[in-house]
Each structure stands twice: as C-alpha cells, then as structure tokens.
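K.L.:
I would like to see how this sequence folds:
(one chain, ligands or ions: 1)
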Amino acid sequence: MDSTIWKDFINVLNNPLTTKDYINYYKIITSWIQSHRNNFKSETLSENRLNLLSKLNPDVYVVETPGFLLDNEKKRFEKNEPDNFDNFAMILGNRLWDMVTNRGKECPNCEGDEMRYLITKEENCSEIILECNSCGWTETLNGEKWRRGIIETLPANRKDLQRFNIVLN
Ligand SMILES: [Zn+2]
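P.N.:
Numbers count the residues shown, from 1 in each chain. Got it, this is the predicted structure:
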C-alpha cells in the first residue's frame, strides 16, 4: 500500500465530523475516494461498488444503525493497513455498503451474514430482493432463489421498504 496515500486517508479520519454521525462519515469517505479515484483501477472501483456508492445521496440512503461504532473507526483502520489498493477498495466498499443497506434475515447459503434489501432498477416495475454480500446468494421476498441473472440494483432505502410494506426488525 502506498504510504503517502494511506497517511492521507488516515489523516481525513482526524476530521471531527467523522465521529459526529454516519451521514458525515459517509460523505467524508466517499469524497476522499472521489478525489483519489485515479489511484484505483477502474475495474476495482466497479467490482467493489465504489462508483455506485459514491453517487448515492447519504441523506436518503444512510441507515440508522449500520452495526459498528464510529468512535472505533480510526483505530480500526490504523491497525489494519491494507496490502494494496485492491484490498483497500474492498474494505472501503464493505464499510460503505454496511452504511447504506438494511439488514434482512440471515443468508441461507453461507450463514455468514444477514442479507441486505435491494431494489431492482427496471423500466416499469421494480422489485425488492435480498442479497448476501459474503457469498452473493440472492433471493426474492418469498425466499425463492433469484433466477433472473444479474440485474441492476440499488440498496432499498427506508422509503422503498415502506412502499413494499417491509418492516425492519
Ligand atoms: Zn451468503
């Protein structure tokens, strides 16, 4: 990992807004990624959803309880310097994904993680589906395996879930 860039990243975490709330933290991380996007390979950015994540409006998408504490973030990053940019992109992608996705039931395929609610982006109709970020398992709300292949999706935000009468635990 390039040490100048790594130091620069750690340095943005000194901004007191990073521990203020998740929305501010999300904004700081995504704007850092935007200003350093040339350091990442373009396929790395898309594989880790960093293009999509950088475009989402945090006021609309950031969830109330992403499942980690902001106070520990700087320490956590400092202790785990990534080996390279690919690894770093994966860590950033997972962190941001945690902040914009609502958790559903546990993944039946790997039992490693709770699946996240996504909404399909289709011309005339959209559908809520559940996807596991660990193994990629995807299913419909009825619990049937998703068989329509790869389709463009967005995280389902609170309004989307309300529209489909989905109540979070
Ligand atoms: Zn899984």
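
K.L.:
With just CA atoms, put the longest helix along the chain into CSV.
P.N.:
Longest helix in the chain by number of residues (criterion: DSSP state H): helix 85-100. Extracted in CSV, the C-alpha atoms of helix 85-100 (Å, rounded to 0.1, in the frame of the first residue of the first chain):
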residue,chain,number,x,y,z
PHE,A,85,-5.3,-0.8,-3.4
ASP,A,86,-7.5,-3.8,-4.3
ASN,A,87,-7.6,-4.8,-0.7
PHE,A,88,-8.2,-1.3,0.4
ALA,A,89,-11.1,-0.8,-2.1
MET,A,90,-12.7,-4.0,-0.8
ILE,A,91,-12.5,-2.7,2.8
LEU,A,92,-14.0,0.6,1.8
GLY,A,93,-16.7,-0.9,-0.3
ASN,A,94,-17.8,-3.2,2.5
ARG,A,95,-17.8,-0.4,5.0
LEU,A,96,-19.9,1.9,2.8
TRP,A,97,-22.2,-1.0,1.9
ASP,A,98,-22.9,-1.5,5.6
MET,A,99,-23.9,2.1,5.9
VAL,A,100,-26.5,2.2,3.1
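
K.L.:
packing partners for that helix?
P.N.:
helix 22-35, helix 42-47, helix 50-55 (3 or more Cβ pairs under 8 Å, 6 or more residues apart in numbering; DSSP states H and E). All C-beta atoms are positioned from the backbone trio N, CA, C, and that covers glycine.

K.L.:
which is the next helix or strand following it?
P.N.:
strand 103-106 (DSSP states H and E).

K.L.:
That following strand: partners in the sheet, and parallel or antiparallel?
P.N.:
Counting by DSSP bridges, the strands paired with strand 103-106 are strand 114-120 (antiparallel).

K.L.:
The partner strand vs the ion: in contact?
P.N.:
No: Strand 114-120 stays clear of the ion (Cβ under 5 Å from the ion), getting no nearer than 7.2 Å.

K.L.:
what pLDDT, on average, does that strand get?
P.N.:
On average, the pLDDT along strand 114-120 is 95.

K.L.:
Within range of the ion, give me the residues from this protein.
P.N.:
107, 109, 110, 132, 134, 135, 137.

K.L.:
Out of those residues, which end up buried?
P.N.:
Buried members of the residues of the chain next to the ion, scored by 16 or more other Cβ atoms under 10 Å, are 107, 132, 137.
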